[in-house]
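**Q** With the input below, show me the fold.
(2 chains)
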Amino acid sequence: MATGVQRTVTTRAGNTAVSVRGLTRRFGERAVIENLDLDIAPGQFVALLGASGCGKSTLLRILADLDRDVSGEVTVPRKRAVGFQAPRLMPWKKVWRNVVLGLPGKPDKERAVAALTEVGLAHRVDVWPKVLSGGEAQRAALARALVREPDLLLLDEPFSALDALTRITARGLVDEVWQRHGCAVLLVTHDVEEALALADRVLVMQDGKIGYDAPVEIDRPRDVTDPEFQRLRGELLARLGVH
Amino acid sequence: MTTTPERTRVQPPPSAERTPVDTVTLVSEADRRPGRVPRWVLKTVSPLVLVVLWQVLSSVGILEDDTLASPLTVVQTAAGMWEDGSLQSAVITSVVRVLAGLGVGLVAAVVLATLAGLFRRGEDIIDAPMQMLRTVPVIGLIPLLIIWFGINEEPKIILVGLAVTFPLYMNLYGGIRNVDSSLIEAARTLGLGWFGQVRHVILPSAMPQFLIGLRYALGTAWLALVFGETINATSGIGYEMNKAREFFATDVIIVCLVLYAILGLVADMIVRGLERGLLSWRPAFSGR
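**A** Numbers count the residues shown, from 1 in each chain, chains lettered A, B, ... in the order given. This next block holds a predicted model:
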């Protein structure tokens, strides 16, 4: 690559949670993200859709400061948390220690218990992560994210490895904690209905840019049978190339 | 979506025409276990049979005392050695040598493997010579060690130290390099710095592999000690064994071999205990 690697992830206080200008990320010759602009308001729930390999996970990784091999300007809140597709709990730490891992000071069990209680895992505080079911592990990972009181919560297909019933519960839980914490959320997903059930705004990534950006103005709790829901669903599926 | 296929209802054949289904009855796991004999009984019986056979062969005169002393003679000899104190002092001398050697090797291996595992520059400088030196049989170094360190405790301790350094190094280095990168990434998003990642992710994740190395190292430690003590020593289990050889005292030799075996077992038990304590997070497959 001709251009040098710039350190572009900076933080500042302001009235946007995320501000991206002219972001480009190349893998070899191929630009997965090219000259992308994006703003996310504080407290806004944004769903990012896109065909597989379109760069939506790459964008999330850049916002999470896991990938700095980029050019452009990226501003994100200092307090961020990430939920991955897999729970990524440290198997050698009890669940509660996982939750408070990385927080400054001595591991605060009360704080961990409070966070675990919020996600309905109060009975799993003292067990090893390997004992948890898939849904429980994902909820523990959510508690670990929330305990940091983030201004931006980045979720990378967090429900895709869960079975259909657990997914519905987990989705409801994310909705609930978002309303309570009021943090901005960027949810990367391939599930149109999931995006419409949760988000204030849906984005579709295409050719390395945000190709579609629309508000979702449906009253909560949302109903799949709502005509507006149906209309947006059809539009998004068409955008994603599914007919 | 051009034409809808014609729907036909598939009727199951009348019961008379159906071929009978071949079924098996699944019984509970407990009932399928071989026999009702507790496992510890089975584990004890087979060694006992061997010892009894050995005693019988000795008693009828097929095995002579100069070839192999009988189990009873061995037990009497061990009691005698215990009474005159030679057994205890030999064991203490040998155990101290192994512990000292293990300590030296452990420090060397942990320092080298951590540097080579955590830093690319460390890998470049340390790993290549370690991989080369690893192929040198440690026992072959005895003549050099004698020339360098004489015939006191040092060459024996260093021999044990060298013998344990390599398996410990290999396993710890491998363990560090096998860390799941997705966990490192998660740790970064949690705000853990480099030291935090090493402490909370890399080292705990390398622990299982390190303990395998420790177990293996203890095995080679005893082996190195046997060689070190048989070649030139004035005390220790190997020395007793060597002295016994001159008098065809096969009973003493057997006592010494049993001592080595017991010490090896004790060492193994300690590592297993460590594994149980340190790796309790890992549900293990314990066999059928």
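
**Q** going forward, measure contacts and count neighbours with C-alpha atoms only.
**A** OK.

**Q** what does chain B have sitting close to chain A?
**A** Proximity of chain B to chain A (Cα under 8 Å from any Cα of the partner chain) is limited to residues B:182-183, B:185-192, B:196, B:201, B:204-205, B:279, B:281-283.

**Q** which ones among the residues you listed are found in helices?
**A** Secondary structure defined by DSSP state H assigns B:182-183, B:185-189, B:196, B:204-205 of those to helices.

**Q** Could you say which helix or strand holds A:Gln230?
**A** For A:Gln230, the host element (DSSP states H and E) is helix A:227-239.

**Q** buried residues in that helix?
**A** For helix A:227-239, burial by neighbour count (16 or more other Cα atoms under 10 Å in any protein chain shown) applies to A:229, A:232-233, A:236, A:239.

**Q** among those residues, which one has the lowest pLDDT?
**A** When it comes to pLDDT, A:Arg239 is the least confident member of the buried residues of helix A:227-239, at 88.

**Q** domains for chain A, by residue range?
**A** Chain A is divided into the following domains under automatic domain parsing: A:12-79+A:151-239, A:89-149.

**Q** got a list of what the nearest residue to A:Val147 once chain neighbours are set aside touches?
**A** Nearest-residue entry for A:Val147: A:Ala115, 5.9 Å, with adjacent residues in sequence omitted and distances by Cα to Cα, 6 or more residues apart in numbering or on different chains. Contact criterion Cα atoms under 8 Å, 6 or more residues apart in numbering or on different chains gives A:99, A:143-144, A:146-147 as the residues in contact with A:Ala115.

**Q** Strands of chain A, residue ranges please.
**A** Along chain A, counting by DSSP state E, strands occupy A:9-10, A:18-27, A:30-40, A:45-49, A:71-75, A:80-83, A:152-156, A:184-188, A:201-206, A:209-215.

**Q** Please pull out the lowest mean pLDDT helix or strand from the chain.
**A** Since no chain was named, I'll use chain A. The least trusted helix or strand in chain A, going by mean pLDDT, DSSP states H and E, turns out to be strand A:9-10, with a mean of 50.

**Q** Quick one: buried ones out of the residues of chain B next to chain A?
**A** B:183, B:185-192, B:201, B:204-205, B:279, B:281-282.

**Q** and of those residues, the nearest to B:Leu106?
**A** Lowest distance from B:Leu106 to those (Cα to Cα) belongs to B:Pro204, with 17.2 Å.

**Q** Quick check: beta-bridge partners of the most centrally placed residue in chain A?
**A** Of all residues in chain A, the one closest to the mean position by Cα atoms, centre = their mean is A:Leu155, 1.9 Å from it. On the basis of DSSP bridges, A:Leu155 is bridged to A:Gly83, A:Leu187.

**Q** Let me see the contact set for it.
**A** With contacts taken as Cα under 8 Å, 6+ apart, A:Leu155 has the following neighbours: A:82-85, A:185-188.

**Q** 7 Å instead, please
**A** A:82-84, A:186-188 (Cα atoms under 7 Å, 6 or more residues apart in numbering or on different chains).

**Q** out of these, who's nearest chain B?
**A** Using Cα to the nearest Cα, A:Val82 is the member of the contacts of A:Leu155 that sits closest to chain B, with 6.5 Å.

**Q** That closest one against A:Glu157, yeah?
**A** No. Taking contact to mean Cα atoms under 7 Å, the distance of 10.9 Å between A:Val82 and A:Glu157 leaves them out of contact.

**Q** Between the two, which is the more surrounded one?
**A** For the pair A:Val82 and A:Glu157, the greater number of neighbours falls to A:Val82 (26 against 18), based on other Cα atoms under 10 Å in any protein chain shown.

**Q** any idea of the mean pLDDT for the longest helix anywhere in chain A?
**A** Here the longest helix in chain A is taken by residue count, with DSSP H as the criterion, and it is helix A:164-181. The pLDDT scores in helix A:164-181 average 88.

**Q** next one: stretch A:140-154
**A** In this model, stretch A:140-154 has an average pLDDT of 92.

**Q** got it, and stretch A:38-51?
**A** The predicted model assigns stretch A:38-51 a mean pLDDT of 92.

**Q** Return the distance of that stretch from the chain's centre.
**A** Here the centre of stretch A:38-51 is set off from its chain's centre by 9 Å, with Cα atoms, centre = their mean, to the nearest Å.

**Q** Same check on stretch B:190-199?
**A** Mean C-alpha position of stretch B:190-199 versus that of the full chain (Cα atoms, centre = their mean) differs by 32 Å.

**Q** now do the same end-to-end measure for it.
**A** Its first and final residues considered, stretch B:190-199 spans 14 Å by Cα to Cα, to the nearest Å.

**Q** pLDDT weak spots in the chain?
**A** In the absence of a named chain, chain A is used. For chain A, the stretches flagged by pLDDT under 70 are A:1-14, A:243.

**Q** was after chain B, sorry
**A** Scanning chain B with the threshold set as pLDDT under 70 gives B:1-10, B:12-13, B:15-16, B:30-35, B:284-288.

**Q** longest helix in it, by residue count?
**A** The residue-count maximum for a helix in chain B (DSSP H) belongs to helix B:86-118.

**Q** Determine the set of other helices and strands touching it.
**A** The criterion is 3 or more Cα pairs under 7 Å, 6 or more residues apart in numbering or on different chains; DSSP states H and E, and the helices and strands that helix B:86-118 contacts are helix B:153-177, helix B:237-246.

**Q** So which of those is the most surrounded?
**A** helix B:153-177 (a mean of 25; mean count of other Cα atoms under 10 Å in any protein chain shown).

**Q** So what angle separates the directions of that one and helix B:86-118?
**A** For the pair helix B:153-177 and helix B:86-118, the angle between their directions (axes from the mean of the first three to the mean of the last three Cα atoms, to 10 degrees) equals 40 degrees.

**Q** chain center to helix B:153-177, what's the gap?
**A** 14 Å.

**Q** Could you list every helix and strand that it packs against?
**A** Taking 3+ Cα pairs under 7 Å, 6+ apart as contact, the helices and strands that helix B:153-177 lies on are helix B:86-118, helix B:142-149, helix B:203-231.

**Q** now with 6 Å?
**A** With contacts defined as 3 or more Cα pairs under 6 Å, 6 or more residues apart in numbering or on different chains; DSSP states H and E, helix B:153-177 has these neighbours: helix B:86-118, helix B:203-231.

**Q** need those in a markdown table with distance to B:Asp127, can you?
**A** Output for the helices and strands packed on helix B:153-177, formatted as a markdown table (distance: least, Cα to Cα, whole Å):
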| stretch | distance to B:Asp127 |
| --- | --- |
| helix B:86-118 | 6 |
| helix B:203-231 | 17 |
